[in-house]
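>>> Predicted model, plus sequence, below.
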Amino acid sequence: TDANFNDKVLSGHQLWAVEFYAPWCGHCKALKPKFEEAAESLQKYNVKVGAFDADAHKKVPSMFGVRGFPTLRAFIGEPKLNPYTKKYMRESVQINARSAKGIKNFAIKRMPNYVHSVNSSDSLKALKERAQKRELNTVFVVSKKDKPSPVIKGISATFLNRVEVAQINTETAPELIASL
């Protein structure tokens, strides 16, 4: 609703995919099962998904330029406090996909990455100092990949400011694993 949209969507760090719909809209009714399927498949990536009745609550949709139904938007990035309204705002982008697979792929590509890449002893030392300064524990993901998977990105967003998440590539930095 207009009342809780700021607290739920705009003040968090996780990616949100939101469908703005009208209950009477035929295209919205056709999209609903596809959007629900996408929502179910995005749960394991910790991507938040919501549907917003833009016919009953008009304030929030007008803030994001919703002019037709259904409109899909992704809310990404760090929340920033608006100094004038004292409310949080985040970057918002249009999702043009209309299939479950397309919505899922769009969301996965846009997921925020809070995973620290550890590829040298200097980066390991800097991460440990950062974690100690922030009084956080560090979780290391040991992988053969250079980039973190969407699941690891989702975990890092969920536990942001509670734990540092780092990834070490076993093939490019095997000596670092021994130093943990």
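Thanks, I have it.
>>> Only C-alpha atoms from now on, for both contacts and neighbour counts.
Noted.
>>> quick one, phi/psi of R130?
Backbone torsions for R130, taken as degrees, to the nearest 10, come to phi -60, psi -50.
>>> swap in the one 10 residues further on?
The phi and psi torsions at F140 (degrees, to the nearest 10) take the values phi -110, psi 130.
>>> So it is in contact with N169, correct?
No: judged on C-alpha atoms under 8 Å, F140 makes no contact with N169 at a distance of 10.4 Å.
>>> Of these two, which one has the most company?
The neighbour count for F140 versus N169, taken as other C-alpha atoms under 10 Å, is higher for N169 (20 against 16).
>>> which residues sit in contact with the more buried one?
By C-alpha atoms under 8 Å, 6 or more residues apart in numbering, the residues touching N169 are V118, N119, V142, S143, K144, K145, D146.
>>> How about N161?
Per C-alpha under 8 Å, 6+ apart, neighbours of N161: L136.
>>> how far away is it from D7?
For N161, the distance to D7 equals 18 Å [C-alpha to C-alpha, to the nearest Å].
>>> Now do stretch 61-79: distance from first to last residue.
18 Å.
>>> and what of stretch 139-154?
End-to-end distance of stretch 139-154 (C-alpha to C-alpha): 14 Å.
>>> What of stretch 127-143?
The first and final residues of stretch 127-143 sit 18 Å from each other (C-alpha to C-alpha).
>>> contacting residues around that stretch?
Under C-alpha under 8 Å, 6+ apart, the answer for stretch 127-143 is H116, N161, R162, V163, E164, V165, A166, Q167, I168, N169, T170, I177.
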